[in-house]
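> Below is the sequence, then the predicted model.
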Amino acid sequence: MSTVDEPVGPEIPPEELSEEAARKAELAVPASLVAGSASEYLRSSLTRIRAGEAGVLPVIGGLIVVSILFQSLNSHFLTAQNLVNLLIQAAVFALLGMGEVFVLLLGEIDLSIGYVAGMGAVIMADAAGPAHGWPWYAAIALALLACAGIGLIQGLIITQIGLPSFVVTLAGLLFWQGVMLKILGNGGTIPINDTVINDIASNNLSNAASWVVMVVIVGAFAVLAWRRDAKRRAAGLVAPPPTITLLKIAIAAAAGVGLVILCTVNRGIIEPISGVPWVVLLVLGVLGAWSFLLGRMQVGRYVYAIGGSAEAARRAGINVSAIRTLAFTLTGLTAGIAGIVYASRLRSISTTLDGGTLVLYAVAAAVIGGTSLMGGRGQALHGVLGGIVIAAIYNGMGLMGYGAPAQYMVTALVLLAAVTIDATTHRGRTTT
């Protein structure tokens, strides 16, 4: 009996993949969804939402509900002092969530991210400590390189040997926990006395500098958003009309102004404290970098392509192993940043770091924010939003006097709801 292989079509060179994919996507879009006015764009957006493409709307809605609930139970929740503290608390969760997004987009998982963050904190604290006396920038650079190297090693084991990421990173969780404990030794704690490192999570910009930085960030966003949408409109691709682009810029400006107003309120008790915290700018910087990489660079398109269909990406000429390895490397690097923030906030690093719990928060932050466990759908912003939701739950329940057991259970229920929405949406898109 003879068989005929199914034709797969010509291979597409990697450098042409994004253009070819965009062209096919445009051809697949019904004419009714090509927005020529604001009203048409809004109608097409509603169509996408009904089809299951709700974006960040569920997590934003959930965050609003959580805020209203906790404010009704404790009037201190929405005060400037508490909200800024909440943003600082969310920094580690947000960074870990953004790191986990890279591998979740590929349909993989990294269970070692919590202790990789711990390794970054330990290496930085040890290098900057009295035993070695490295300057802060060298200690931080060493820690980040080490964490990126850990991600690279694990990625190579997964891609070159062909082991499941679950098993490799679970082994990494145990291994790097042991290495961290070995470095900490009998004392179990390494204090951090470097002022710059400690200021990462505890110092603030001046009020004037906060406004200047906000204007620069919003201005850069406005230029990039306008140029991107104008370029797509000029090329005849689906893009929001100018009115919608201006509305997005206005919303970003309003959010920036609101954040600065919130942070410049005096929230000190003994002495005045105001200004945007350094750690908030750090999270925004990482968010901007990873959003640009995933949304505007070719490597980001490859990550989404592999998450959608690894075999199709391979036939298109993408080096799947290299992109997967890079994703794990970036996860390790982001974990290192989170570890540095964690140690900066505590002004030390010790054996009390629970990397097993941190990895659960990392996955929860990404998924609650909207990243799909099925792969191929998600963005760095999801890790930030999910991290804020987790921090809001812990902060609000702490104000109400609930302990860790109730906090764990509520976070679990929120995570379960997010996964349910993701699974339901995935089935809806598959049916469509």
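Happy to help now that I have it. As the structure is a prediction and not an experimental result, all values here were calculated from the model.

> Grab the nearest non-local neighbour of the residue nearest the centre of the chain.
Nearest to the geometric centre of the chain sits residue 98, at 2.1 Å (C-alpha atoms, centre = their mean). Nearest non-adjacent residue to residue 98, counting by C-beta to C-beta, 6 or more residues apart in numbering: residue 383, 3.7 Å away. Just so you know, the C-beta spots here come from the backbone N, C-alpha and C atoms, and that holds for glycine as well.

> ok so, going back, these two touch, right, the residue nearest to the centre of the chain and residue 286?
Yes: applying C-beta atoms under 8 Å as the test, residue 98 and residue 286 come out as touching, 6.2 Å apart.

> Can you check which residues contact both of these two?
When contacts are counted by C-beta atoms under 8 Å, 6 or more residues apart in numbering, residue 98 and residue 286 are jointly contacted by 334, 380.

> if we can go back for a sec, which residues touch the residue nearest to residue 98?
Taking C-beta under 8 Å, 6+ apart as the test, what residue 383 contacts is 94, 95, 96, 97, 98, 99, 100, 101, 365, 366, 369, 371.

> where's it, which helix or strand?
helix 380-399 (DSSP states H and E).

> what packs against whichever helix or strand comes after that helix?
Next helix or strand after helix 380-399 toward the C-terminus (DSSP H and E): helix 404-431. Using 3 or more C-beta pairs under 8 Å, 6 or more residues apart in numbering; DSSP states H and E as the contact test, the elements touching helix 404-431 are helix 57-73, helix 355-369, helix 380-399.

> tally of neighbours for residue 108?
When neighbours are counted by other C-beta atoms under 10 Å, residue 108 registers 23.

> quick one: the strands in the chain?
Per DSSP state E, the chain carries strands over the ranges 189-191, 348-350.

> which parts of the last one are buried?
This points to strand 348-350. By 16 or more other C-beta atoms under 10 Å, the buried positions in strand 348-350 come out as 348, 349, 350.

> now swap in the first one and tell me
When neighbours are counted by 16+ other C-beta under 10 Å, the buried residues of strand 189-191 are found to be residue 190.

> So for that strand, mean pLDDT?
The average pLDDT within strand 189-191 is 91.

> starting at the chain centroid, how far to it?
28 Å (C-alpha atoms, centre = their mean, to the nearest Å).

> Run through the neighbouring helices and strands of that strand.
Contacts defined by 3+ C-beta pairs under 8 Å, 6+ apart place strand 189-191 against helix 113-128, strand 348-350.

> Determine the set of other helices and strands touching the last one.
For strand 348-350, the packing partners by 3+ C-beta pairs under 8 Å, 6+ apart come out as helix 113-128, strand 189-191.

> Direction included, what does the shortest one pair against?
Note on strand 189-191: by DSSP bridges, its sheet partners are strand 348-350 (antiparallel).

> residue contacts, the residue nearest to residue 215 when sequence neighbours are not counted?
In space, and not counting its chain neighbours, residue 215 is closest to residue 256: 8.0 Å by C-beta to C-beta, 6+ apart. The contact partners of residue 256, by C-beta under 8 Å, 6+ apart, come to 214, 215, 217, 218.

> so can I have TSV of these showing neighbour count and pLDDT?
As requested, these are arranged in TSV below (neighbours: other C-beta atoms under 10 Å; pLDDT from 0 to 100):
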residue	neighbour count	pLDDT
214	22	94
215	14	95
217	18	94
218	18	94
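
> Can I get these in CSV including distance to residue 321?
Formatted as CSV, those follow (distance: C-beta to C-beta, whole Å):
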residue, distance to residue 321
214, 42
215, 43
217, 36
218, 40
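
> so where's the stretch 251-400 of the chain shaky on pLDDT?
For the stretch 251-400 of the chain, applying pLDDT under 70 flags no range at all.

> Likewise for the stretch 51-200 of the chain?
Across the stretch 51-200 of the chain, the ranges flagged by pLDDT under 70 are 51-54.

> Take the contacts of residue 256 and keep only those in helices.
Residues of the contacts of residue 256 located in helices (DSSP state H): 214, 215, 217, 218.

> Would you mark the buried spots in stretch 284-294?
Neighbour counts over stretch 284-294 (16+ other C-beta under 10 Å) mark 284, 286, 287, 290, 291, 293, 294 as buried.

> before we move on, back to that, hmm, which two among the contacts of residue 256 are most spread apart?
215 and 217 (7.5 Å; C-beta to C-beta).

> how near is residue 145 to residue 110?
For residue 145, the distance to residue 110 (C-beta to C-beta, to the nearest Å) stands at 18 Å.

> What of residue 144?
To residue 110, residue 144 is 17 Å away according to C-beta to C-beta.

> Of those two, which one has the most company?
Taking neighbours as other C-beta under 10 Å, residue 144 and residue 110 compare with residue 110 leading, 32 against 21.
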